[in-house]
Structures are given as C-alpha cells and as structure tokens.
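Asks: this is a predicted model, with the sequence first.
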Amino acid sequence: MIDLRSDTVTWPTDEMRRVMAEAVVGDDVYGEDPTVNRLEALGAQKMGKEAALFVPSGTMSNLVALLAHTRPGEEILVGAEAHVYYYEVGGLARVAGVLPRLVDDRDGVFTAEAFKAVLRTPNLHFPETRLFCLENTHNRGGGTITNVEQMQEIYELARELHLAVHLDGARIFNAAVAAGRPAADFARYADSVSFCLSKGLSAPVGSLLAGGREFVQRARKARKVVGGGMRQAGVLAAAGIVALEKMVDRLAEDHANARRLAVGLAEIPGIKIDLARVQTNIVSYELAPTLTEEEFLARLNAKGVLAGSPGPHRIRMVANRMVSSEDIETALQAIRVVMAA
Ligand SMILES: Cc1ncc(COP(=O)(O)O)c(C=O)c1O
C-alpha cells in the first residue's frame, strides 16, 4: 500500500528503535527521567524558549496549553478551520471551558486583519478575551505557511491588547524547512508553541509544548489533570531526540514529493488543484462534482493507494517518509486510471 493519508503513518527509524531499547529512564512524574529531561531541553532550545513539556499527542499539547493560558469562561480567538477547533473533539469547550471566537483562516494563512475583524471592545456583556491561537503549517489549508512577518504582526497586535499567543505548530518544522529559516524564528512570535515529533519527524509517539518557565510549570500541572503524566517515558523521548536531531532536514524530500504529486495532479482532467497552496508536504485538491470523495477513495484504495478527505469532493494526500518518489509516480498513475474510468 502507498499510504498518503497522513504523515502520522510514518514508522520509527531503525535508529529510533535502537535508542528506545537502550534509553536510560526514571520516573518522569518525579522529574527523574534523564532522557525526557534531555528531550525537553532540546525542544525548548529548538524553539528558543525557556522550557518545554513532553506530552503524548498534539491534541493533548494544545489542550494543556489552553488549560495553562486560560480560565473557564474566557474567550479565545481561533481559526475556523484550525485543528484545535475542528478536530479535537471540542476539548477546548468540554475540558478547558473556553469560548471560541472564530477567525477567518480559510486561505490557510493567519493575518492580523483577520484577528482585528473579530475583536470586540471590552463590554460588560462579553467574556474576557485571553488568547490568540495560530496554526502553522495549516492542516486544513493544505500545509500552508503563515510567514514570520505575518506572525510578527499578529503577535504585536496581541501584545498591544495584553493577550497571549499560542501556536499549534504540529508541523512547524515543515514551515521552517520550506522557508529556509530556523523554527525559532516562527516560535519567537508566540508565547507557547506545540509541535509534533510523531508526524513527518517519524517518532512513534509524542509532542512537545514549549514556552516560558512559568507557563510550562502550569502546563505540567494541567498535563497531570488530563492524565498525561507518564512514568518511564524516556523510551519514547529517546525516539523524539532522534526526530529533532536527525529528521528535520529530510522534510525537504517530502516537500519535493508533494510538489511532484501536485504538478502531476494538475494535468489530470477532473481534478482542480491550486499549486500555490502546495507549500510543504500536504496536497489538497478538488474532484469534479460528478465524483464523490468516497467513490474516489474506494477506487484508489483498490489500486493500492490510500488517501483522505477533508470534506465533500475534496481529497488530501500527505507526502511522508514511507512514500518514495517512485511511489508518487505509481500513485499518480493510479489516479489517472481512476479519473479516466
Ligand atoms: C495542526 C495539527 N494540530 C494538532 C494535531 C494533533 O496531533 P495528534 O494527532 O498527535 O493528537 C494535528 C494532527 O494531525 C494537526 O495536524
């Protein structure tokens, strides 16, 4: 099978498996796992932050960030298409008890104007606004990048308003590699940043939440609330260290494969794709109205290619380490056959 459903399908590398077997561990809830401590220090350093916290998933990382930044009943400004709003089972409302006010991110990019458009002047009737939430790269947008200058503008707006900024940077290293800049250049314009080790970076499990020391202390407590305190988590952290040290630069290969795929798709009748949106490892496109996404995915599956759908008549494919450039050619051929039928 050529699995293009997500970059989360990547298996750990041989080196990851080896360091996992050999990891020095301790009880991380007591702060005694040296491998977790090393991963957290490395993650903080990569983001240019004081501290970081190892969490089991990107979803928990975002949730814990909300719990650490806000109190129940407060308002957060979040993208209408953002993962934290769209795909996290309403955890923001159900667990953190915050009210989302939606920002227009339909182009897969965040702008200060979009935040300004939904800001309200303080009023007796309104909840307290506490936080701006960004996502970079933007998953539903198709792996699109909010550039550093746009992030800076949003951050400066938040500062003027005395609000905090959280960045869901599940794929921040994809943005960094594509832009040819360190991830810290993006993270600089957020008070907290969540990033995943288990997506394109190929670790089996885990995300990190980075920020100021005090914020991370609150996040550590919030992680305990949601049952995310892990014990000998060094076996997982060991793979995370390899992810951060060895797997970032190779994301460029995924980006090249995504581009190869997108350029091929653009030539297939019945497929509509905006090539300008293919900036990293995600390729999102539209099918002719006569073909449903279910039919397309089933026919493609029968030809040995797996993909996903973010909505009606839409298909998403994600280049990842398990898929070679030859596989991309094979997948394109399968799509041509399906579309011609
Ligand atoms: C932008 C974004 N944020 C958060 C997550 C959640 O990560 P996890 O699947 O590890 O919970 C994802 C997962 O795809 C994502 O794309």
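Replies: In hand now; what should we look at?

Asks: in stretch 250-262, what counts as buried?
Replies: Leu251, Glu253, Asp254, His255, Asn257, Ala258, Arg259, Arg260, Leu261, Ala262 (16 or more other C-beta atoms under 10 Å). In short, each C-beta sits where N, CA and C put it, glycine included.

Asks: so how far is Val9 from the residue lying closest to Gly270 once chain neighbours are set aside?
Replies: With sequence-adjacent residues excluded and distances taken as C-beta to C-beta, 6 or more residues apart in numbering, Gly270 is closest to Ala288, at 4.0 Å. Using C-beta to C-beta, to the nearest Å, Ala288 is found at 28 Å from Val9.

Asks: need the phi and psi values for the closest residue to the ligand within the chain.
Replies: Residue of the chain nearest the ligand, by C-beta to the nearest ligand atom: Gly58 (2.4 Å). Gly58 adopts backbone torsions of phi -70, psi -40, taken as degrees, to the nearest 10.

Asks: my guess is it meets Leu201, correct?
Replies: No - contact criterion C-beta atoms under 8 Å: Gly58 and Leu201 do not qualify, at 11.8 Å.

Asks: which parts of the stretch 51-200 of the chain are helices?
Replies: 58-69, 83-86, 91-94, 112-118, 148-160, 172-179, 183-187 (DSSP state H, counting those that start in this stretch).

Asks: the second one and the ligand, any residue contact?
Replies: Yes - among the residues of helix 83-86, His83 lie within reach of the ligand under C-beta under 6 Å from any ligand atom.

Asks: list the buried residues in that helix.
Replies: Quick answer for helix 83-86 (16+ other C-beta under 10 Å): His83, Val84, Tyr85.

Asks: same list, the residues you listed, but as JSON lines with pLDDT please.
Replies: Output for the buried residues of helix 83-86, formatted as JSON lines (pLDDT from 0 to 100):
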{"residue": "His83", "pLDDT": "98"}
{"residue": "Val84", "pLDDT": "98"}
{"residue": "Tyr85", "pLDDT": "98"}
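
Asks: between those, which sits nearest Gln217?
Replies: Nearest to Gln217 among the buried residues of helix 83-86: Val84, at 21.8 Å, using C-beta to C-beta.

Asks: ok, and the closest non-adjacent residue to the closest one?
Replies: Asn62 (4.7 Å).

Asks: look at the one you found and say how many residues are nearby.
Replies: Burial measure for Asn62: 30 neighbouring residues, criterion other C-beta atoms under 10 Å.

Asks: buried set for the helix or strand containing Glu329?
Replies: In this structure, Glu329 is located in helix 325-340 according to DSSP states H and E. By neighbour count on 16+ other C-beta under 10 Å, the buried set for helix 325-340 is Asp327, Ile328, Ala331, Leu332, Ala334, Ile335, Arg336, Val338, Met339.

Asks: likewise for stretch 20-36?
Replies: Met20, Ala23, Val25, Gly26, Asp28, Asp33, Thr35, Val36.

Asks: which ones are touching the last one?
Replies: With contacts defined as C-beta atoms under 8 Å, 6 or more residues apart in numbering, Val36 is in contact with Asp28, Phe54, Met230, Ala233, Gly234, Ala237.
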